[in-house]
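Q: the amino acid sequence is not available; the structure is as follows:
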């Protein structure tokens, strides 16, 4: 196996990044500085990156889970009156959820043991797409949809999450709200009360706050896509492995070639 492919397979980095590390002299094989294209045998060769021995990573797996309402996006809830994802999912491999959906939101959650994919999907600079179906109470007007398409002002905490900041000013607690203008996004009407929305950012409870900013309330919110990974007709509480094309497509996006 070529060295750069082994480093990617072991979960150290992508193959492109591995080539950079090898060229920089950060990788050694049997205590000798390695070169790109070098063939290695993980069973017999001692492979090190930044003076740390590389060990084979466990088999990497990728699952789609359809999160039901009232299930929290943690491995185990830790509370008697709550269910976490891993209270439901019966998967033999040790996996973790990528990202979060609030308790009331249903839909697509990716479960994996691949930290590279997690880093890609969680980092805002990559601007990956997430698609949702939103249902509001009553009929939503075109003007409201257009406002959200262009971006609306919502309230955030300093950490990008929620509502109010309290500061001590002249001996008194003063509420300071930080406003954030959402980025332009794609919205398609589905019915009088439903629409789909594609975001390339992910502030906490962003869609609910966008809807509130145009004076409506969310009735149902469901995530149906992350990048090329589709929820499809997977039932709530069920899970499935990535299809070969889904796996190939998403790994290609982050520069990992497993061929």
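A: Perfect, thanks for sending it. Quick caveat, the model's predicted, so the values are computed rather than measured.

Q: how about low-confidence regions in the protein?
A: For the chain, applying pLDDT under 70 flags the ranges 11, 14, 56-58, 75-80, 157-177, 255-259.

Q: quick one, domains of it?
A: 3-57, 129-226 (automatic domain parsing).

Q: would you turn those domains into TSV with mean neighbour count?
A: Any C-beta I mention is one placed from the backbone N, CA and C, and that applies to glycine too. TSV is the format used below for the domains of the chain (neighbours: other CB atoms under 10 Å):
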stretch	mean neighbour count
domain 3-57	16
domain 129-226	15
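
Q: between those domains, which one is nearest to residue 94?
A: When the domains of the chain are compared by CB to CB, domain 3-57 sits nearest residue 94, at 11.6 Å.

Q: could you pull out the helices for this protein?
A: Along the chain, counting by DSSP state H, helices occupy 3-9, 15-23, 85-88, 115-122, 142-150, 206-213, 244-253.

Q: quick check: residue 72 vs residue 60, distance?
A: Applying CB to CB, to the nearest Å, the value for residue 72 to residue 60 is 25 Å.

Q: for residue 254, same thing?
A: 13 Å.

Q: grab the nearest non-local neighbour of residue 152.
A: Nearest residue to residue 152, sequence neighbours excluded (CB to CB, 6 or more residues apart in numbering): residue 213, at 4.1 Å.

Q: mind listing what the one you found touches?
A: Neighbour list for residue 213: 147-148, 152-154 [criterion: CB atoms under 8 Å, 6 or more residues apart in numbering].

Q: what do you get for residue 3?
A: Residue 3 touches 18, 22, 27, 29, 34, 36-40, 47, counting by CB under 8 Å, 6+ apart.

Q: using CSV, lay out the helices of the chain together with distance to residue 108.
A: Formatted as CSV, the helices of the chain follow (distance: least, CB to CB, whole Å):
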stretch, distance to residue 108
helix 3-9, 26
helix 15-23, 27
helix 85-88, 12
helix 115-122, 12
helix 142-150, 21
helix 206-213, 14
helix 244-253, 12
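
Q: buried ones in stretch 65-84?
A: 65-67, 71-75, 77, 83-84 (16 or more other CB atoms under 10 Å).

Q: which among the contacts of residue 3 gets closest to residue 208?
A: residue 18 (41.0 Å).

Q: is that closest one in contact with residue 4, as I believe?
A: Yes - assessed by CB atoms under 8 Å, residue 18 is found in contact with residue 4 at 4.0 Å.
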